[in-house]
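**Student:** next one to model:
(2 chains)
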Amino acid sequence: MSTIILIFIIFLGGAILTFLASALKGILKEVLFLASVFVPVVLFFTNISIGQTFSFQAAGFAFQWGITPLSYVFALIVAGLGLMAAIYAVSAMRNKENTGFFYFNYILTIMSMLGILFSRDLVSFFIFWEIMTWSSYLMVVYQGKDVQTVGIKYFIFSAVGAYAMLMAIVVVYSLTGSMMIDSLVQSFPGFSFDMQLLIPILLLIGFGVKSAMMPLHVWAPGAYSHAPMAYSSIFSGALSKMGIYGMVIVMVSLISHIPEGHWFREVIAWLGGITAVMGTLWAIKQDDAKKLLAYSSIGQLGYIIVGVGIGTPLAMMSGLFLAVMHALFKGTLFMVVGAIERQTGTSNLTEVTGLIRKMPWTFLASLFSIIALAGIPPLGGFIGKWMLYESLIVSDHYLLVIVIFFSSTAAFLYCYKFLFGFFLGQEETEWSHVKEAPAMMVVPMLILAVSTFVLGVFPGLILNPINEAMQTLGYANTQGHLWEMSVIFNEWGNQVAMQPIVYTIIGIFLFFLTFLTIKGYKETRYVTTKDISSSGEVPKEHENLTFSMNFMQPFFRAVEPLMRRQIDKYYNGFANGMEALFDFTRRIYTGNGQTYAMYVVIFVVLLLLLKTPFSDN
Amino acid sequence: MESIWYKILGAIITVIVAFIVGLTYMGLSRKITARIQNRKGPPFYQNFIDALKLASKTSAIHHGFMQHVGPAFMMITSIMSVLVVPILTGDQWFSNLNFKGDLIFLLYIMVFGPLGMALGAGQTGNPNSAIGVTRGLSQMVGFEIPWVMALVALMMQYKTTSIVDLINIQQEQGVWLMFSSPFAFIAAVLAMLGMFRYSPFDIVGAPTELASGPVSENGGKYLFTLMSSNSIFAFAKLTLYVDLFLGGASNIVELLIKTFAIYLIPMLYGTVSPRYRTEQAIKYFWGWPLFFGFLALLYAAIF
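**Tutor:** As a prediction, the model looks like this:
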């Protein structure tokens, strides 16, 4: 039996078995759950080689599964993050209700994401896409809160995206008579101009919904924050990347081959830029850490869309690199919020303060991820941001680079808000009982956080598979010309060499750490956060000195005009209008037989009246 | 010349020079401000006395690990900037890390320290510190936009992102970029007002209002490290401006004259201006500086 089909059988069987085992108490279902994620992932890494395919016929369609260099990059994200989040989830979901249901959907999501990446034909692509949508929808409504608003919104947008994609698939089939992605790519340049525009737009609507592109992003803040955090970690980290994966195929394999492709790319890139700015601004405004991270995900996906949209070798490289980095740091940050929520019972930044001494390892993980998110060297986020800026500057995108710069500078505000809100500030007695999260939650976070550092010093580790993926997409080999193991170049030949920089940074840090610590840290005593300089008065224990409400108020006074318009309001207005329309139709379709009989009579009378007396018969 | 030890020696000398020059400039600014306000003012070497006093003090208390390492983070930014910015043109000894990082890298390493320092300030629990940090971050979003516009204009016009290349271009053409890209220079200088945090943009430290903001709760060695880091950072920023717009400097005297001339701009502007509120500061940078930034981009796009 082919390993490919074996992987999916194990996933599916594992999901069902875990669901059935949910009645059992104890460790069995956790072991089952971990095994059914672990075994296929290990099989994937050991037994699957690029180019290996598996074909079969069913229901009149030819199915083909196999992995390409491009999908391998994304499969790394799914498998790596999926594994870490699974370990985390076991500990995070312990003592919760309905864990069987959670595990079932979790495994199905991982399976469907790998399925999307394996699909070489549009039918199985669509089927796996729908499994992914359904399993993630069930996770959004898992906690049973706001099903009517958040759940429905996610569902409607997913449905719109799915129908758009289905329409595109049907059009493709009617034009080419084949469901293979390769045959679509080959015959696309020969299509008529209308079709050349219609198919990418329909597909991009489908992918844009999942990757939370403006103006299709409105479901994301609610959905990301309502799913259990163990799931949000892959929801934002990996599942949104499926949209990016589809977008890369559409942008590179389809759109570059049409004459107007250039303008198409510009529009997508600008949509990405606006997504980045608005996502960032709204993230700063949030007081709930989950919402903050959700909006931040939208913003970060905006950068990726910009990179993919511009499509020069450096830009595409930065887009894919940022996709990997975003999975790492955003996956970690959602886990951090989950850990804090588990230990304190809330994820509100205005309530929780001063956890740094109680949860030091969680703090360390979030510090690394935040530095990576902000794009500060020497962590991996910087590499992606640097390549994005350089690609925009080299390709003469004057204004877009300013827009991106604005949003990534503003991102520092919510980065600081996140760290300060949870870990720093006044230590209040209300949280003095808080303990560090269990090791099974902390270790995955730390592994992901440290990997952002490793990829920052040696970006070549992940740029190598990205380079291979880009070569199959038709780009030239960029190794040695745009990147080496730890050096990155732009197209003008300017470079950033990470190794000497990192060694210098570590050297300076150690020197001054020693300078500050010698004859210092041991002899000095720790004083509480109440023992501070406040004009000579010593604050009492009960005095509240916490600063967390309206945290970035002065900033918002300046940017208010930008945030007055919200696309969500228009959607809600549209929804209300539709509701009124349905209300009106309900008055016609009353469901009463007598009314329908009357309609028939009226119709016949009208026909008789309109019938011209001069007709032949 | 190739040995790593020569490199390290060169780097150490650079840092010491930057430290001395930066502290002297700060002392001079105190003196000049005093004379403008018709006071006598402290001697120009007063800051050295302060630094010496702080360095020799022993701290009795600390506020936890993040506060303890905050000043070290700040030092990383200052020293990295001074190592990446070319100090003297065409010099073999002090080339440091000039070829290892470019302008975008410099922009990002410049926020590393302040953010680390801000985390340290956050751990102290002093509300003034946190307020100062939020103000500083907001103001940074303000001035960073015209500043980046100026840099992007330069980078696009001369098709390079390396500072060394920009200096070489000025020497080949014989014209300073200050004259060949005037709008970028104006935008960059206006952005500099915010970068140096003199009045009216001293909203972060905000004497008499926030009790020195993020720096409060730091004393002794912590304050010494922060103070020397500030002076090194100031020197790095001034040298960057000289490199970008005034053609760099080939010897130390030329460098001192040019950097001091640039330094006078935010200082003198500060002595005659009262403090802005945060949103006023942001809106200031999104007014004329932004306009000149756009002009600079337009100029770069056309020529």
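
**Student:** for the stretch 351-500 of chain A, give the residue positioned nearest to chain B.
**Tutor:** residue A:424 (3.3 Å; C-beta to the nearest C-beta). Using the backbone N, CA and C atoms, a C-beta is placed for each residue, glycine as well.

**Student:** show me the contacts for that residue.
**Tutor:** Listed by C-beta atoms under 8 Å, 6 or more residues apart in numbering or on different chains, the contact set of residue A:424 reads A:353, A:354, A:356, B:66, B:119, B:122, B:123, B:125, B:130.

**Student:** quick one: it from residue A:575, how far?
**Tutor:** As judged by C-beta to C-beta, to the nearest Å, residue A:424 and residue A:575 stand 41 Å apart.

**Student:** equivalent analysis for residue A:178, please.
**Tutor:** Between residue A:178 and residue A:575 the computed distance is 38 Å (C-beta to C-beta).

**Student:** ranges for the strands of chain A?
**Tutor:** A:53-58, A:61-66, A:487-489, A:495-497, A:525-526 (DSSP state E).

**Student:** and the last one, average pLDDT?
**Tutor:** Read it as strand A:525-526. The average pLDDT for strand A:525-526 rounds to 78.

**Student:** can you tell me the strand partners of it and which way each runs?
**Tutor:** The pairing partners recorded for strand A:525-526 under DSSP bridges are strand B:61-62 (parallel).

**Student:** do the first one as well
**Tutor:** Paired with strand A:53-58 in the same sheet, following DSSP bridges, are strand A:61-66 (antiparallel).

**Student:** residues touching the strand it pairs with, excluding its own?
**Tutor:** So strand A:61-66 is contacted by A:4-5, A:51-57, A:115, A:118-121, A:123-124, A:179-180 (C-beta under 8 Å, 6+ apart).

**Student:** what do you get for stretch A:154-161?
**Tutor:** A:133, A:136-137, A:140, A:205-210, A:216, A:218-219, A:222-223.

**Student:** show me the contacts of residue A:424 that map onto helices.
**Tutor:** B:66, B:119, B:122, B:123, B:130 (DSSP state H).

**Student:** and the fourth one, what does it touch?
**Tutor:** Residue B:123 makes contacts with A:356, A:424, A:529, B:63, B:64, B:65, B:66, B:67, B:70, as judged by C-beta under 8 Å, 6+ apart.

**Student:** how about the third one?
**Tutor:** Applying C-beta under 8 Å, 6+ apart to residue B:122 gives the contacts A:416, A:419, A:420, A:423, A:424, A:425, B:66, B:129, B:130, B:133.

**Student:** could you identify which of those has the most neighbours?
**Tutor:** Neighbour counts for the contacts of residue B:122, by other C-beta atoms under 10 Å in any protein chain shown, peak at residue B:129, which reaches 31 neighbours.

**Student:** any low-confidence regions in the chain?
**Tutor:** Using chain A here. Scanning chain A with the threshold set as pLDDT under 70 gives A:1, A:25, A:519-523, A:535, A:612-617.

**Student:** oops, wrong one, chain B.
**Tutor:** Scanning chain B for pLDDT under 70 picks out B:1-2, B:90-96.

**Student:** ok and the residue in it nearest chain A?
**Tutor:** Of all residues in chain B, residue B:125 sits closest to chain A, at 2.6 Å by C-beta to the nearest C-beta.

**Student:** for that residue, give me its contacts.
**Tutor:** Residue B:125 touches A:354, A:424, A:425, A:426, A:427, A:528, A:529, A:530, A:532, A:545, B:63, counting by C-beta under 8 Å, 6+ apart.

**Student:** what's the answer for residue A:297, then?
**Tutor:** Residue A:297 is in contact with A:212, A:220, A:224, A:236, A:240, A:279, A:326, A:330, counting by C-beta under 8 Å, 6+ apart.

**Student:** ramachandran angles for residue B:58?
**Tutor:** Backbone torsions of residue B:58, given as degrees, to the nearest 10, read phi -110, psi 130.

**Student:** number of nearby residues for it?
**Tutor:** 10.

**Student:** how far away is it from residue B:67?
**Tutor:** 17 Å.

**Student:** same thing with residue A:140?
**Tutor:** 40 Å.

**Student:** more neighbours: those two, which one.
**Tutor:** Between residue A:140 and residue B:67, counted using other C-beta under 10 Å, residue A:140 has the larger neighbour count: 28 against 24.

**Student:** just confirm the more buried one contacts residue A:153, I think it does.
**Tutor:** No - using C-beta atoms under 8 Å, residue A:140 is not in contact with residue A:153; the gap is 9.3 Å.

**Student:** what residues are shared contacts of these two?
**Tutor:** In contact with both residue A:140 and residue A:153: A:222, A:223, using C-beta under 8 Å, 6+ apart.

**Student:** could you list every residue that touches the closest residue to residue B:204 other than its chain neighbours?
**Tutor:** Among residues not flanking residue B:204 along the chain, residue B:136 sits closest, at 4.1 Å (C-beta to C-beta, 6 or more residues apart in numbering or on different chains). Neighbour list for residue B:136: B:114, B:118, B:203, B:204, B:213, B:214 [criterion: C-beta under 8 Å, 6+ apart].

**Student:** quick check: the second one touching residue A:416?
**Tutor:** Yes - shown here, residue B:118 and residue A:416 form a contact pair, counting by C-beta under 8 Å, at 6.0 Å.

**Student:** overlap in contacts, those two.
**Tutor:** B:133, B:137.

**Student:** rewinding a little: could the contacts of residue A:424 go into a markdown table alongside distance to residue B:285?
**Tutor:** Listed next are the contacts of residue A:424 as a markdown table, based on distance: C-beta to C-beta, whole Å:
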| residue | distance to residue B:285 |
| --- | --- |
| A:353 | 31 |
| A:354 | 33 |
| A:356 | 33 |
| B:66 | 30 |
| B:119 | 25 |
| B:122 | 25 |
| B:123 | 30 |
| B:125 | 31 |
| B:130 | 23 |
